[in-house]
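*Asks:* everything below, folded, please.
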Amino acid sequence: MCLNSITKGALKPIKMPLTPAQVAQAVALIDQGLTQREVAIVLNAPRSSMQYSLKRYQETGRYTRRPGSGGVRCTSARDDRFIVMEILRNRYLTAVEIRQRLQIARGVNVSERTVRRRMEEVNLKARRPARGPELLRQHRVARLQFAREHVNWTHEQWARVLFTDECRIALRAPDGRERVWRKRGESFLPITTTQTVSFHGGSIMVWGGVSSDARTELVIVDNRLTATRYIEEVLQEHVIPYSGFIGHDQFLLMHDNARPHVAHCVEEYLEEVGIQKLQWPARSPDLNPIEHVWGMFKRKIKSSSKPPQTLNELRNAALAAWDSIPQVDVRNIIQSMPDRMQAVIRARGGNTRY
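*Replies:* Numbering: from 1, shown residues only. Okay, here's the model as predicted:
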């Protein structure tokens, strides 16, 4: 091979260690009769790196580098265990707080980055905490008992239930999903700043109910929902007629433990009209599939081609969004009820990913 053909158009060598594949290629080219300088040009590698790699191959017979000693570790095994145990005892401690505790308890001074590396070594990473309602012992017991009683329910049994709930929609409420494209130093430009308004520009409350095969009409609740209004505007107008659709003897009403739902007059009315109620554990939004329907409902309002600017437009957009939710999506959500029961049992009555 002619050297002129090799050097023609050669790039400047990149100063970095040779990979095992490059070392193997270099050895093959040397066996073909090329000089080390010519091989360095072919591989676009520094000549010093080439000489070192070939010398190492002659000594060890391997293409890989010798194992290095690495940097001096500034913490001992006991220091590492102390860091990990402190984190496992309190998952909300910061790297700065752990560093301070390590310095006080063991007299070892390290950086916050060292603390983070020790946590990464045991697969501990800082993430946003999951959110869920506060569950006291009585709540966990009730949730666990409910899950055990209904874990073997079939999809046909869950199809008898009308899952209901209220939802409040604000005109300009942030959903935590918004992102803005900006450069460094553009944080407070008008085009990259979200301007807030008092009370999110106003809001409305709606009531709805869903089951596997159909759903009720959306009820827009003006002002505050009282027990009397709940009977007259929700139960009489929507729940009672819907019970005939499923079958009055098989129908089950699910509503949570909000004050208008558990008032004495409401309990007496349900008993009078013969509506069976599914006894629902308190603080269990993760068990109610309509919560996921509300998420779909809000996203449809937000993604509409013409977002509402007034409360009247918000009412119309809410009615349209409710009707546009595919029933097959609602059915798929309700069919997750057996999995929700299993999740509560695994969590011993605690919060679940639902």
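*Asks:* hey, which strand is longest across this protein?
*Replies:* Counting residues, the longest strand found in the chain (DSSP state E) is strand 161-170.
*Asks:* quick one: strands adjacent to it?
*Replies:* Paired with strand 161-170 in the same sheet, following DSSP bridges, are strand 203-210 (antiparallel), strand 252-254 (parallel).
*Asks:* so residue 349 is in contact with residue 140, correct?
*Replies:* Yes. Using Cβ atoms under 8 Å, residue 349 makes contact with residue 140 at a distance of 3.2 Å. To be clear about C-beta, it is placed using only N, CA and C from the backbone, and glycine gets the same treatment.
*Asks:* between these two, who's got more neighbours?
*Replies:* A count of neighbours by other Cβ atoms under 10 Å puts residue 349 above the other of residue 349 and residue 140, at 22 against 18.
*Asks:* is it fair to say the more buried one lies in a strand?
*Replies:* No. The assignment for residue 349, made by DSSP: H, G, I helix; E, B strand; the rest coil, is coil rather than a strand.
*Asks:* any idea how far residue 40 is from residue 20?
*Replies:* 17 Å (Cβ to Cβ, to the nearest Å).
*Asks:* hang on, the earlier thing: mind putting the strands paired with strand 161-170 into JSON lines with distance to residue 295, mean pLDDT and mean neighbour count?
*Replies:* Shown next, in JSON lines, are the strands paired with strand 161-170 (distance: least, Cβ to Cβ, whole Å; pLDDT from 0 to 100; neighbours: other Cβ atoms under 10 Å):
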{"stretch": "strand 203-210", "distance to residue 295": "13", "mean pLDDT": "94", "mean neighbour count": "20"}
{"stretch": "strand 252-254", "distance to residue 295": "18", "mean pLDDT": "96", "mean neighbour count": "20"}
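*Asks:* okay, these in TSV with distance to residue 133 next?
*Replies:* Formatted as TSV, these follow (distance: least, Cβ to Cβ, whole Å):
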stretch	distance to residue 133
strand 203-210	20
strand 252-254	17
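*Asks:* out of these, nearest to residue 24?
*Replies:* Among those, strand 203-210 comes nearest to residue 24, with 64.4 Å by Cβ to Cβ.
*Asks:* so which residue is dead centre in this structure?
*Replies:* With distances taken as Cα atoms, centre = their mean, residue 130 lies nearest the centre of the chain, 7.5 Å away.
*Asks:* contact partners for that residue?
*Replies:* Residues counted as contacts of residue 130 (Cβ atoms under 8 Å, 6 or more residues apart in numbering) are 351, 353.
*Asks:* check which helices and strands the helix or strand hosting residue 332 sits against.
*Replies:* Per DSSP states H and E: residue 332 is located in helix 327-334. Here helix 327-334 touches helix 290-302, going by 3 or more Cβ pairs under 8 Å, 6 or more residues apart in numbering; DSSP states H and E.
*Asks:* helices or strands up against the helix it packs on?
*Replies:* Packed next to helix 290-302, using 3+ Cβ pairs under 8 Å, 6+ apart, are strand 161-170, strand 203-210, helix 311-324, helix 327-334.
*Asks:* paired strands for the helix or strand that comes right after the second one, with orientation please.
*Replies:* Using DSSP H and E, the helix or strand that follows strand 203-210 in sequence is strand 219-221. The strands beside strand 219-221 in its sheet (DSSP bridges) come out as strand 203-210 (antiparallel).
*Asks:* between helix 290-302 and the partner strand, find me the angle.
*Replies:* Using axes from the mean of the first three to the mean of the last three Cα atoms, to 10 degrees, one finds that strand 203-210 and helix 290-302 are set 130 degrees apart in direction.
*Asks:* what does strand 203-210 contact?
*Replies:* Residues outside strand 203-210 that contact it (Cβ under 8 Å, 6+ apart): 162-171, 173, 215-222, 225, 234, 238-239, 242, 289-290, 293, 311, 314-315, 318, 322, 330, 334.
*Asks:* at 6 Å what do you get?
*Replies:* Surrounding strand 203-210, the residues in contact under the criterion Cβ atoms under 6 Å, 6 or more residues apart in numbering are 162-164, 166-170, 216, 218-221, 234, 290, 293, 314, 318, 330.
*Asks:* what of stretch 242-257?
*Replies:* Here stretch 242-257 makes contact (Cβ under 6 Å, 6+ apart) with 160-164, 216, 261, 275-278, 280, 282.
*Asks:* can you turn the buried part of the residues you listed into a PyMOL selection?
*Replies:* Buried residues among the contacts of stretch 242-257 (16 or more other Cβ atoms under 10 Å), as a PyMOL selection:
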select buried, resi 160+161+162+163+164+216+261+275+276+280
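*Asks:* tell me which of the contacts of stretch 242-257 is nearest to residue 299?
*Replies:* When the contacts of stretch 242-257 are compared against residue 299 (criterion: Cβ to Cβ), the nearest one is residue 163, at 19.0 Å.
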